[in-house]
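Novice: Sequence and predicted structure are below.
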Amino acid sequence: MLFFSLSDWALAALILAVIAIVTAAGVALGRLLRKRSEALREPLGALQGALLLIVGLILAFGLTLAVGRYQDRRAAAIAEANAIGTTYLRAQLLAVPVRDRSLVLLRDYARLALRVSSELPGSPAMARTVASERAIQRQLWGLAGEALDAAPVANAPRLYVESLNDMIDQLTVRIGALGNRVPTAVLALELLGAAAALGLLGLYLSVLGRGWLPMLLAAALVTMLLLVTFDLDRPIRGLISIPSTPYQSLLASMNQPPAGQPSK
């Protein structure tokens, strides 16, 4: 939650600052120990290699977690949009006036689902939007009960109730996926571990009197990996976000005249 609450610029500045400070400290310490380079070369080389291997595994683990959660969020958005679309199609087969009232409510529901795509998970704005969605769900469920009472043996109301129930479930799945983030402890371990590995690399290269180019390349690569991992865990911010295309396409289809005919 600590990293998630930061803005994009603040997060990038934090990562760069931690990497730069620890790396610079390692380089400075290496210069002080350069006169003992012969004695320190072998132990520092072994320690630096082992630490880089461990940090590489940690970075890969964190990136895998972030990618998995990102894919879950995308899948949840597509599944919810499909569930709303199916419910909307089946609502067209209900008898009036339930049909017309349900179609209006479903359009409003789709607009709210699109709004969620641009709201910060866990924020008061999202909480209000989700509360509005829940209210529409209750109204739709009541209308579905009226449709069943009016035609207890008809297939259309029963199919509609089935898709409406799936639509209600998909909201819970989507909100859960948006709130399912990589644990802060894992992200902190990645950042601190990467900084420690780069600091030790800077110490080792400085003791040997090597140039800055390998150090800069390693720092740039690790920083980019960290930024991508953190960015994947921020659904609506940064360069990698969850597309709202499924909801936009859904709303565009809802603007067309209903294809179904009301039941007699």
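Specialist: Happy to help now that I have it.
Novice: can you pull out the helices in the stretch 51-200 of the chain?
Specialist: Ranges of helices within the stretch 51-200 of the chain are 98-116, 124-150, 155-179, 184-208, based on DSSP state H, counting those that start in this stretch.
Novice: chain center to the last one: distance?
Specialist: Read that as helix 184-208. Centroid displacement of helix 184-208 relative to its chain, using Cα atoms, centre = their mean, to the nearest Å, is 26 Å.
Novice: Show me what counts as buried in it.
Specialist: Buried residues in helix 184-208, defined by neighbour count with 16 or more other Cβ atoms under 10 Å: 186-187, 189-191, 193-207. Just so you know, the C-beta spots here come from the backbone N, C-alpha and C atoms, and that holds for glycine as well.
Novice: Let me see the contact set for the most centrally placed residue in the chain.
Specialist: The residue lying closest to the centre of the chain (Cα atoms, centre = their mean) is residue 235, at 3.5 Å. Residue 235 makes contacts with 70, 73, 121, 178, 241, 242, as judged by Cβ atoms under 8 Å, 6 or more residues apart in numbering.
Novice: Could you work out the most separated pair of those residues?
Specialist: Greatest spatial distance in those: 70 and 121, 13.0 Å, computed using Cβ to Cβ.
Novice: Just name the lowest-scoring one in the contacts of residue 235, pLDDT-wise.
Specialist: Ranked by pLDDT, the contacts of residue 235 bottom out at residue 241 (84).
Novice: Provide the secondary structure category for that one.
Specialist: The local conformation at residue 241, judged by DSSP: H, G, I helix; E, B strand; the rest coil, is coil.
Novice: ok, the nearest residue to it once chain neighbours are set aside to residue 119 distance?
Specialist: Nearest residue to residue 241 in three dimensions, chain neighbours excluded: residue 235, at 6.4 Å (Cβ to Cβ, 6 or more residues apart in numbering). As judged by Cβ to Cβ, to the nearest Å, residue 235 and residue 119 stand 10 Å apart.
Novice: Equivalent analysis for residue 246, please.
Specialist: The gap separating residue 246 from residue 119 is 16 Å, by Cβ to Cβ.
Novice: I am finished for the moment; much appreciated.
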